[in-house]
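K.L.:
Need coordinates for the following:
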Amino acid sequence: MEVETKKVSAPSQSDFLDILLCLVKQLKKEEVRYCHWKSNYHLNYALAGVEDWDVLIHVEDFHSFMSIITSVGFKPALTTNDAGQFGVYHFYGLDDVSGNLVHIHAYSRILSGDSLVKSYCLPVEEMLLDNLRCDDFMPVPFREADLLVFLIRNALKSLSPLDIYMQRNDSGLILEELNWLFEGLDDQKFERLQQKYFPELNCELLRDFSSYLKDQQYSFKRYYAAWKISNNLKRYRRMSSLKTQMLTLKILLPLMFR
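P.N.:
Below you'll find the predicted structure:
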């Protein structure tokens, strides 16, 4: 679970962890194709170890990534809530200087949807890795690609009671990131990416949904827009609704008892 960053002062470059800077340097040296693919609005928090480091790695470079990440001190971990999320991996490393434990969430494919099971497999790897800009320290997607994935992810999380509850708690952070993504957005490039990678959708529907997110109030219009987006993307579901609900209960009940 991510730290509630709004209660933490924004990290500066001096706060960035040595173990992560060393990893970034090695990935660049070995020309590994990767990017930090979500929550780039808070990239400084990830580099400081306050939030998880969410990276997408090109499937052909994943073996090199594994070799590098273990060489700088990270170790693989298994979650107790395994829901068959093949292509999603966890690594932990200890930064010797700060004493902080760092969690890297590594993806060779993007699973999304509901928070616990991730019932959708979205075809966005090529889009993200082919539309990169170089941040001060590491590659991140252009805002057009970032926004497209952000809207789809939040739409798929706007349908279950658990996710609606979690979104309401995070509504302030969602609004901040959404406003940041819209700064300097190239509308034509956003539309081209949508038409190329998600022809089942349309920009008008996505913009309607973004306006409902900005309202910060859950409404029937927001639910309906999210449902239309999820229904148009149903071919990317990796499991049925019934199986999703069963796995959610299987994971959620032990968490509640703990």
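
K.L.:
Can you pull the poorly scored residue ranges out of this protein?
P.N.:
Applying pLDDT under 70 to the chain flags residues 1-9, 80-84, 135-136.

K.L.:
what's near enough to touch the spatially most central residue of the chain?
P.N.:
With distances taken as Cα atoms, centre = their mean, the residue of the chain nearest its centroid is K38 (3.9 Å). Contact partners of K38, counting by Cβ atoms under 8 Å, 6 or more residues apart in numbering, are 54, 146, 149-150, 153. Where you see a C-beta, it was placed from the backbone N, CA and C, and this is true even at glycine.

K.L.:
what's the neighbour count on L173?
P.N.:
Neighbour count of L173, defined by other Cβ atoms under 10 Å: 17.

K.L.:
Can you name the next helix or strand after the helix or strand containing it?
P.N.:
L173 is part of helix 171-182, with elements assigned from DSSP states H and E. Next helix or strand after helix 171-182 toward the C-terminus (DSSP H and E): helix 187-197.

K.L.:
got the CA coordinates for the helix or strand hosting I251 in CSV?
P.N.:
Taking DSSP H and E as the criterion, I251 maps to helix 241-257. Only the C-alpha atoms of helix 241-257 are listed here, as CSV (Å, rounded to 0.1, in the frame of the first residue of the first chain):
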residue,chain,number,x,y,z
SER,A,241,-16.7,-11.1,-13.5
LEU,A,242,-17.7,-14.1,-11.3
LYS,A,243,-14.1,-15.3,-11.0
THR,A,244,-13.0,-11.7,-10.2
GLN,A,245,-15.5,-11.5,-7.4
MET,A,246,-14.5,-14.9,-6.0
LEU,A,247,-10.8,-14.0,-6.0
THR,A,248,-11.5,-10.6,-4.5
LEU,A,249,-13.3,-12.2,-1.5
LYS,A,250,-10.5,-14.8,-1.2
ILE,A,251,-8.0,-12.0,-0.9
LEU,A,252,-10.1,-9.5,1.0
LEU,A,253,-11.4,-11.7,3.9
PRO,A,254,-8.0,-12.7,5.3
LEU,A,255,-6.9,-9.0,5.0
MET,A,256,-9.9,-7.9,7.1
PHE,A,257,-9.3,-10.6,9.7
